[in-house]
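[1] Compute the structure for the input listed below.
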Amino acid sequence: MEELYQDPDGFSKEQADKTGGVSVIAGFFTSQLTRGFFLRGEYGAAYHQMRSGAKITGTGVQLYYTTVDYGVSYDLKDVEHDWGTAGFNNTVFDKVNNDWIKQILWAQREYNLMPESSRSTLDNLFMYLLRGLKAYAYQRATDLYDKVPYIETGSAGGLDGDKAVYLGQEEIYPKLIEELKEIDDFLEDLSLTDGEQATFSNQDVIFNGDIYKWRKYINSLRLRCAMNVSERLPELTSSVISDLSGKPLLSEYNDVAGLADIAIVEPYRIQVELGITRAFRERADECRAPKKFLEDVMDCKPIEKSIELNGQTLYYFEGDNFETGVHEGIVDPRVAYIFSKDILGRYLGAETSWDDGTDPNSYYSKVMRGYYINDPVLTDPSVHYFAYGKNKQDTIRLSDEAIGDLSKREPFLLSAMRERASKYQDINWTIGTDDNLISEYNVVPQYNFDLRYPTIHAVEVELLLAEAAVRGFGTVGGSARDHYKRAIELSCQYWYELNSSNNYSKSSTPSFPSNMDDSRIERDKVSTMYDAGMYAEKKAQEFDSMSEQEKVKAIFDQLHLHYNFLNFETPYTAARRLIKYLGYNPSGTYEVFKWKERMTYPGGIQASDPENWAIISAHNDPDIPVWLTGRSTKWRNVLE
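    Here you go, the predicted structure:
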């Protein structure tokens, strides 16, 4: 541990000396902003958070874990023992102990070596902001692991021979909250000359030198931290909420603390090597739309019909209520911005509960039955195959038994269609084809290379303020209803702009993947911005009549929907801390996966640092809740 941070790959003093007077601390500041998976996405980390994170929170449905048709057994599984375990568990821990912290420590060392009288206003500014970024790094790390190697503010860590000490959430969070307050106090009183402002703007690749936006960011982080400890330290939560009254917070749809891949990575490398879009492309199996979002949260309801056939009443989904409902303000506009229709033009997703195939009228069966139920193949003995798809290019030939017996045709086709979707034969494991039998995530916002990765966003801030008001921690700038409604409006605008602003194509650099269907790309682009206010008011009216616990669940659902694949960690932490208050898990969990209470540590710690391993080894268990949850007992799903 003493040898950590000895090889900084950021802005060096030698480089600083050649720039004509720009402080070395300024260089370390800019370098810190561009770290991988810090304030921007990163292929590897996003890949594993999609792949393994979706198994925990159900953000995107992997059909082979929810249906019998693929061949996966209905028994309890975990995310700890496959080839992706290390990438999922270790990423944030490794980064907070390396490239998320070493620029800060090198800057701190340079700052400590300066006589106080020679420290410029900009030196102080950059150092304060680096401390804020340090707080953000530790907030993410302690949320996932609880105890992490912590370096006190003001120390340069291993550069000065100071060994990091493992601290947990109970000790770290009060420090972070206090430091963030000190940073905002400093920024509030700060005044820059024109020259200082120009230098700051040049170095600040996140907010372009806007001090007010930095204050918004710092205070929003403080709010997040305060709500994260609300189960354990409610008095501290209330104190922070009170202090934030009148302070600037992230409040507009484009208030995003994040950086786009394309601002840092060479464009030709983004798609094939380093960008988060590569994760989306390679994890197409996580991109099936959840029923939880489409129907349960966004009010896009299936239109169900029935038919009498072979002495049975069979149900199917003919379509959905989106086209009429979105204009009437009863369906969420984000349905079109975030998701894509299936072949029949329906926004119908999939459940994360298990479908064993025995119920002919299960949700999944009703989705699949809608494809063939009115086709002549069911009633005309001369028709021996079913054709579907854009140009009827996809066909299913009946079995000999079904050809000879009309009563065998419906169950044969139901089984065949279920199997095709469950085994991803409809899309061949590729996001963006025009053959998806289940609604998928919309590829246009996913492949907007100008997307600034939303590490924290104004929608989260509004939802945190709504929860604080509901749970009696205090109010800032309005009622819980006001903040809840505002969050929906902001999220609608955010996702509309992310979709509609995408000017990339299959021939641009970077580009959409070549195996995406042109017609799918075009249909996923939106040309209409629906009335978000009307829908948000409808949701606010529903909110008015809810119990306190129902309101908190509704707030969580909006957070989960808004961030979806773009920020797994925040909804994951929110779900874990809300289990105690709600009495159940608000996340969209799978029945076949164990709930994971925390990340486990890299195995190398035991050999490299046996002293601290002795401290943390007893907690290196995904079944032990982290401190901030207020629980000592693991939440268990139906199979645990």
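
[2] in the longest helix anywhere in the chain, what's buried?
    In the chain, assigned by DSSP state H, the helix with the most residues is helix 121-145. Residues of helix 121-145 classed as buried by neighbour count (16 or more other Cβ atoms under 10 Å): 122-123, 125-145. Every C-beta, even on glycine, is put in place using the N, C-alpha and C of the backbone.

[3] ditto for stretch 322-333
    Buried, per 16+ other Cβ under 10 Å, within stretch 322-333: 322, 325-326, 329-333.

[4] Could you work out the end-to-end span of that stretch for me?
    Terminal residues of stretch 322-333 lie 9 Å apart, using Cα to Cα, to the nearest Å.

[5] I would like the residues contacting it, please.
    Stretch 322-333 is contacted from outside by 297-301, 321, 335-336, 347, 488, 492, 496, 529-532, 534-535, 537-538, using Cβ atoms under 8 Å, 6 or more residues apart in numbering.

[6] do the same with stretch 475-493
    241, 244-245, 249, 252-253, 332-334, 337, 458-459, 462-463, 465-470, 529-530, 532-533, 535-537, 539-540, 543-544, 551, 554-555, 558, 561-562.

[7] Tell me which residues touch Lys553, please.
    Going by Cβ under 8 Å, 6+ apart, the list of residues near Lys553 reads 578, 582, 586.

[8] need the contact list for the first one.
    With contacts defined as Cβ under 8 Å, 6+ apart, the neighbours of Leu578 are 552-553, 556, 586.

[9] any idea of the mean pLDDT in the longest helix of the chain?
    For helix 121-145, the mean per-residue pLDDT is 98.

[10] Going by contacts, tell me the helices and strands next to the helix or strand following it.
    Per DSSP states H and E, the first helix or strand lying C-terminal to helix 121-145 is strand 148-150. With contacts defined as 3 or more Cβ pairs under 8 Å, 6 or more residues apart in numbering; DSSP states H and E, strand 148-150 has these neighbours: helix 121-145, strand 165-167, helix 169-188.

[11] redo that, cut-off 10 Å
    If you count contacts as 3 or more Cβ pairs under 10 Å, 6 or more residues apart in numbering; DSSP states H and E, strand 148-150 packs onto helix 85-96, helix 121-145, strand 165-167, helix 169-188, helix 610-616.

[12] which residues touch it?
    With contact meaning Cβ atoms under 10 Å, 6 or more residues apart in numbering, strand 148-150 is reached by 1, 4, 92-93, 96-97, 101, 134, 137-138, 140-142, 157, 163-169, 171-172, 175, 601, 605, 609, 612, 616.

[13] Only the buried members of the residues you listed: can you turn that into a ChimeraX selection?
    In ChimeraX, this line selects whichever of the contacts of strand 148-150 come out buried by 16+ other Cβ under 10 Å:
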select :1,4,92,93,96,97,101,134,137,138,140,141,142,157,164,166,167,168,169,172,175,601,605,609,612,616
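
[14] Quick check: closest non-adjacent residue to Thr57.
    Ser587 (4.6 Å; Cβ to Cβ, 6 or more residues apart in numbering).

[15] Distance check, the one you found against Ser23.
    Separation of Ser587 from Ser23 (Cβ to Cβ, to the nearest Å): 45 Å.

[16] what does Asp160 give?
    Counting by Cβ to Cβ, the gap from Asp160 to Ser23 is 20 Å.

[17] just Lys77 next, same as before
    52 Å.

[18] between these two, who's got more neighbours?
    Neighbour count, other Cβ atoms under 10 Å: between Lys77 and Ser23, Ser23 has more, with 25 against 16.

[19] can you pull the contacts of Tyr504?
    By Cβ under 10 Å, 6+ apart, the neighbours of Tyr504 are 262, 271, 277, 444, 447-450, 510-512, 521.
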